[in-house]
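A.B. asks: coordinates for the following, if possible.
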Amino acid sequence: MNLKNQNSNDSRKILKATELFPHSTDLWLRRIDSNRNIRDNPLEQVYESALNHNPTSKIYGIHMSHGFYTSGRLTNLKTKIDLEYHRSYWCKPYRSKHFQNDFNNWTSGNEKIDKFIQDAQLNADYFSDVIEWIPYDQFKDVKQIGKGGFGTIHYAMWINESINKWDTKNQKWKRNDNREVALKKFDNFVNFDDVLNEMEIHFKTYECDSSIQIYGITQDPETHSYMMVLEYAKDGNLREYLKINFNNINWLQKLFNLTDLSLRFMNIHQLDIVHQDFHPGNILSSDFENSCSIRISDFGLSKLIGENPNNPEKKNIFGVLPYIAPEVLSGGEEYTKAADVYSFGIIVYEIVTGFPPYPDIPHDKDLAMKICNGLRPKIPFHTPKLITRMIMRCWDARVTHRPSFYRLWEDLFTYYQRYKDYLDKEKNKDSQIVIQIKKAKEFSANQESTNATTTTPLNYQTHPQAIYTSRLLNFSKLPKPKNEENFERELEELTKFTSALSIGDSGIVDLDMSNF
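C.D. replies: Numbers count the residues shown, from 1 in each chain. Prediction:
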């Protein structure tokens, strides 16, 4: 297939994705700069205005740069309009002037934070891009709801919430009342510059619709610690959600969540940001089941605070041991995009099986050594082979053999669409993902009916030293990473098997574009 046809197929697939995932970008278009260097994305041509303004179209004004796409579904021409209109409605010079006139009326007490907030306000393209300095007395019902490796999370009610319009008569911003928010408070040992860096990274990833919204910054009046004011994710994190709801999660939702998650990470990597602490505790949502609301949190903190004070040339490792790539554990390589892909492979395993990795053994140096020597969680044999192959490719100790997030998204989106069309329209009965999921479901049903004592995701026991929160991991003299003896042979055989089955089951989805 020549490049022109490949681009055409990729473009059509992306347009279909925007139909299936209409809420994946908060309903509004966002454009990333077209000068970013995306080396592992085949969509390197800029697709500007893939669909022009068409009031009868389901998709309205899709803009793409280097394969990044977002979309807005047109349900009401009076209220949901193209981003270019949003920008003219927002009128940046006019709004910026209002913000600038108010700069002398507030301060965080720190020049760097003041500048960060001011720059965001002056460069905002719409209300949701604005961050503010929020006095702590604007919050009520504050209570701690979580603790991570570097700070605590508090629930709060924001009394006078974010701005929504300019009140011309009274010359001030209009606000709605009462919004649930999360306050992220950093521990005292975290360097302030690292905290500010974390805020800046979070803001960048929010702009590409991959992290939860940041409303502003506040300060605890007792400890004087700065806190990020964030969107409150009602469904919590993925780990807690799986513990409670796994038996009610069907294969369509699994594929839906994985497709959405891979898209978020594809966007992050296109910004040349590496997460470095990717695990289910950092995957949040307001509604895991019914919308594309998955967001990623805690960006880059492990990297930012990872200097060993006794040896500046050597970096400590922070994170959750089972999700850290072996090349990072061994100290042989820095965190890379491929290390995030390894973590994603563990998360795919967890979403598919319901089990966290290595729940029954201590998460200590012995486990780290075994991971470097090729130990991986055991994938149930009835797992769809296409999914098993994807997981194993992510786990490969050969870093260059791991797929990019674009490739992962491409495969997962295809699987999701084929299975959804099968359920909705009885299409794709001969598609391999459909056949393999049906077999997996049959096996699980038979197992449940014949063995009531089987360990399940809802009754497994966790070893007291199995730790699933981020922490400092100082392991020395770990071996150079390698795959287990049979891993590469099994992966090669699995690749041949799935490739043979894929003949006549093309990865390019046949799209009906008549509605566009």
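A.B. asks: quick one: D260 and I294 touch, right?
C.D. replies: Yes - assessed by Cβ atoms under 8 Å, D260 is found in contact with I294 at 4.8 Å. For every residue, glycine as well, the C-beta is placed using N, CA and C.
A.B. asks: burial of the closest residue to T223 other than its chain neighbours, as a residue count?
C.D. replies: Once flanking residues are discounted, T223 sits nearest to N188: 7.3 Å by Cβ to Cβ, 6 or more residues apart in numbering. Using other Cβ atoms under 10 Å, the number of residues around N188 comes to 9.
A.B. asks: oh, and call the first residue 314 from now on, that's how I've got it
C.D. replies: Understood, numbering begins at 314; the last thing we discussed is N501.
A.B. asks: A helix includes N501, no?
C.D. replies: No - using DSSP: H, G, I helix; E, B strand; the rest coil, the assignment for N501 is coil, not a helix.
A.B. asks: hmm, it is touching D533, no?
C.D. replies: No - judged on Cβ under 8 Å, N501 makes no contact with D533 at a distance of 10.7 Å.
A.B. asks: any stretches of the stretch 514-663 of the chain with poor pLDDT?
C.D. replies: Applying pLDDT under 70 to the stretch 514-663 of the chain flags the ranges 604-605, 613-628.
A.B. asks: so how far is N787 from the residue nearest to T536?
C.D. replies: Distance from N501 to N787, counting by Cβ to Cβ, to the nearest Å: 21 Å.
A.B. asks: what does K751 give?
C.D. replies: Separation of K751 from N787 (Cβ to Cβ) stands at 47 Å.
A.B. asks: which residues in the stretch 614-763 of the chain form helices?
C.D. replies: Ranges of helices in the stretch 614-763 of the chain, per DSSP state H, counting those that start in this stretch, are 614-617, 639-642, 650-666, 678-685, 698-708, 718-738, 745-763.
A.B. asks: who does the fourth one touch, helix- and strand-wise?
C.D. replies: Helices and strands touching helix 678-685, as assessed by 3 or more Cβ pairs under 8 Å, 6 or more residues apart in numbering; DSSP states H and E, comprise helix 639-642.
A.B. asks: coming back round to it: now distance to E553 and mean neighbour count too, for the helices of the stretch 614-763 of the chain, in a markdown table please.
C.D. replies: Shown next, in a markdown table, are those (distance: least, Cβ to Cβ, whole Å; neighbours: other Cβ atoms under 10 Å):
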| stretch | distance to E553 | mean neighbour count |
| --- | --- | --- |
| helix 614-617 | 20 | 24 |
| helix 639-642 | 26 | 24 |
| helix 650-666 | 12 | 23 |
| helix 678-685 | 23 | 18 |
| helix 698-708 | 22 | 22 |
| helix 718-738 | 23 | 20 |
| helix 745-763 | 23 | 15 |
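A.B. asks: relative to E803, which of those helices is closest?
C.D. replies: helix 698-708 (7.4 Å; Cβ to Cβ).
A.B. asks: off-centre distance for that closest one?
C.D. replies: 19 Å (Cα atoms, centre = their mean, to the nearest Å).
A.B. asks: which outside residues touch that helix?
C.D. replies: If you take Cβ atoms under 8 Å, 6 or more residues apart in numbering as the criterion, helix 698-708 is touched by 654-655, 657-659, 661-662, 665, 689, 692, 714-716, 721, 724-725, 728, 745-746, 749, 800, 803-804, 807-808, 810-811, 814.
A.B. asks: skipping adjacent residues, who's closest to S523 in space?
C.D. replies: R577 (4.1 Å).
A.B. asks: got the contact list for the one you found?
C.D. replies: Contacts of R577 (Cβ under 8 Å, 6+ apart): D522, S523, I607, R608, I609.
A.B. asks: ok so it is a strand residue?
C.D. replies: No - counting by three-state DSSP, R577 falls outside a strand, being helix.
A.B. asks: now do it against Q730, distance only.
C.D. replies: With Cβ to Cβ as the criterion, R577 and Q730 are 18 Å apart.
A.B. asks: got it, and E646?
C.D. replies: Distance of E646 to Q730, computed by Cβ to Cβ: 35 Å.
A.B. asks: check Q566 too.
C.D. replies: Q566 sits 14 Å away from Q730, going by Cβ to Cβ.
A.B. asks: if anything else comes up later, I'll come back, but that's it for now.
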